[in-house]
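With the sequence up front, the predicted model follows.
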Amino acid sequence: MQMYQVIFIAVGLAADSFAVSVSSGAIIEKLHLRHALRIAVFFGFVQGIMPWIGWRVGSLASDMIRSIDHWLAFGILCFIGGKMIYESRKLEEEIEKSADPLNIYVLFSLAIATSIDALAVGVTFSFLDLSIIEPVIVIGIVTFIFSLAGTYIGEFFGHVFEDKIELAGGLILIGIGCKILVEHTLL
């Protein structure tokens, strides 16, 4: 897998975290750098580690499903992308119910919830015989940057962009899933 593909996947995965960060920035009364960094570190770390966990799990089963791995990668990425598109319509309600986004338990819950997709993508990476180090680092850094920026964007613009970003992230993942399928079946 080329680096640009890993970056596109990272951007797609970071869309959830970005959207939640925008909402968090809108909720926090007096946003300080330490607040934005706290959110970004939580999201970046959890989003970065989840693909590694998925890769480990997928590696254990990869020999059994090698002949259909491209179909599974396509299915997982399209499912995740479709879920992100669907959830882009209801994200605002969930964040408003979640209370204080700086509370460590709320923040950890949000970080886990936004990174389940990264776990599934990690499983997909194991099917593609990738080294997981680069994707983990890239996904963690991209998510950190997006979350940091999202927190400040949320402070200034509120809820204007969050659902559109998640929609775009879903479309990116579906596109990558289609590309994997085409590469393995037609080329």
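Yep, it's here.

Which of the helices and strands in this protein ranks last by mean pLDDT?
helix 91-97 (a mean of 52; mean pLDDT, DSSP states H and E).

Past the longest helix anywhere in the chain, which element shows up next along the chain?
Among the segments of the chain that qualify as a helix by DSSP state H, the longest is helix 33-65. Remark: after helix 33-65, the chain's next helix or strand is helix 69-87, criterion DSSP states H and E.

what's the spacing between that next one and its chain's center?
Distance, stretch centre to chain centre, for helix 69-87: 12 Å (Cα atoms, centre = their mean, to the nearest Å).

Next, the buried residues of that helix.
Buried residues in helix 69-87, defined by neighbour count with 16 or more other Cβ atoms under 10 Å: 69-70, 72-74, 76-78, 80-81, 83-85, 87. No exception for glycine: its C-beta is placed from N, CA and C like everyone else's.

okay if I get these as CSV plus distance to A19?
As requested, the buried residues of helix 69-87 are arranged in CSV below (distance: Cβ to Cβ, whole Å):
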residue, distance to A19
D69, 30
H70, 29
L72, 27
A73, 24
F74, 24
I76, 21
L77, 19
C78, 20
I80, 15
G81, 14
K83, 13
M84, 9
I85, 12
E87, 9
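
ok, so of these, who is nearest I133?
The nearest member of the buried residues of helix 69-87 to I133, counting by Cβ to Cβ, is A73 at 19.2 Å.

what stretches of the protein score poorly on pLDDT?
62-63, 65-67, 69, 84, 88-99, 158-166, 169-170, 173, 187 (pLDDT under 70).

Would you quantify the distance from G75 to I68?
Noted for G75: a distance of 9 Å to I68, by Cβ to Cβ, to the nearest Å.

for Y86, same thing?
Relative to I68, Y86 is positioned 25 Å away (criterion: Cβ to Cβ).

List the residues that contact I174.
For I174, the contact set (Cβ atoms under 8 Å, 6 or more residues apart in numbering) comprises L77, C78, G81, G82.

does it belong to a helix or a strand, and which?
Secondary structure from DSSP H and E places I174 in helix 162-185.

Give me the nearest residue to V121, chain neighbours excluded.
Setting aside the residues directly before and after it, V121 is nearest to P51 in space (Cβ to Cβ, 6 or more residues apart in numbering), at 5.6 Å.

So the one you found sits against P135, correct?
Yes: the pair P51 and P135 qualifies as a contact (Cβ atoms under 8 Å) at a distance of 5.7 Å.

Which neighbours do those two have in common?
Common neighbours of P51 and P135, using Cβ under 8 Å, 6+ apart, are G122, F125.

between the two, which one's more packed in?
Between P51 and P135, counting by other Cβ atoms under 10 Å, P51 is the more crowded of the two (31 against 26).

That concludes my questions; thank you for your assistance.
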